[in-house]
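Student: coordinates for the following, if possible.
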Amino acid sequence: MQLLINIDVPDLDAALAFYTRAFGLHVGRRIGDAVELLGALSPRRFPAQALSERVAGFALTAQDATRTEAFVAALRADRSLDDAQRERALDNTAAALRESRGLEAALRVFTLNTRLYPRSAKAWQRLADALQANGDADAAQAARQRQNALSDTQD
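Tutor: Below is the predicted model:
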């Protein structure tokens, strides 16, 4: 079940600050003068979907190195899914973002997946494919080399 609530506010910046702090919501989309705030599913009942929403929220906002490191650390500490389930959930999230929001957001998640699973040939392959589709041939080649090196050691 999903719940949609529309609230008109006199001061958008103050409302964003309040609702993100008070309820843990995060910005989803900006449409003209409107802002979509997203909440999270119950992580105990729907761990993969809750992770997907957290990761999508991360991917849709600009992040600095400090926030990225903190997010990676939080994902590593989260034990609601095993590694295979988490890697698959991240891959599915990146694929969905690629279809709905474009390559930029998807690339953040594919990159995040290689940060969490640097020994996963599949994670590097998916990143290489996305980089190639984005026109970054040099970075795609580097990711493909990493993928091939890992594939050789896993055979």
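Student: list the contacts of residue 95.
Tutor: With contacts defined as C-beta atoms under 8 Å, 6 or more residues apart in numbering, the neighbours of residue 95 are residue 106. (C-beta placed from N, C-alpha, C; glycine too.)
Student: again with the one 10 residues further on
Tutor: For residue 105, the set of contacting residues under the criterion of C-beta under 8 Å, 6+ apart consists of 56, 59-60, 97-98.
Student: ranges for the strands of the chain?
Tutor: Per DSSP state E, the chain carries strands over the ranges 26-31, 34-38.
Student: dump the helix or strand of the chain with the lowest mean pLDDT to PDB, restricted to CA.
Tutor: Counting by mean pLDDT, DSSP states H and E, the chain has its least confident helix or strand at strand 26-31, which shows a mean of 82. Listed next in PDB are the C-alpha coordinates belonging to strand 26-31 (Å, rounded to 0.1, in the frame of the first residue of the first chain):
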ATOM      1  CA  HIS A  26      13.900  12.800   1.500                       C
ATOM      2  CA  VAL A  27      13.400  14.800  -1.700                       C
ATOM      3  CA  GLY A  28      12.300  12.700  -4.600                       C
ATOM      4  CA  ARG A  29      11.500  15.100  -7.400                       C
ATOM      5  CA  ARG A  30      11.200  18.800  -8.000                       C
ATOM      6  CA  ILE A  31       8.400  19.800 -10.400                       C
END
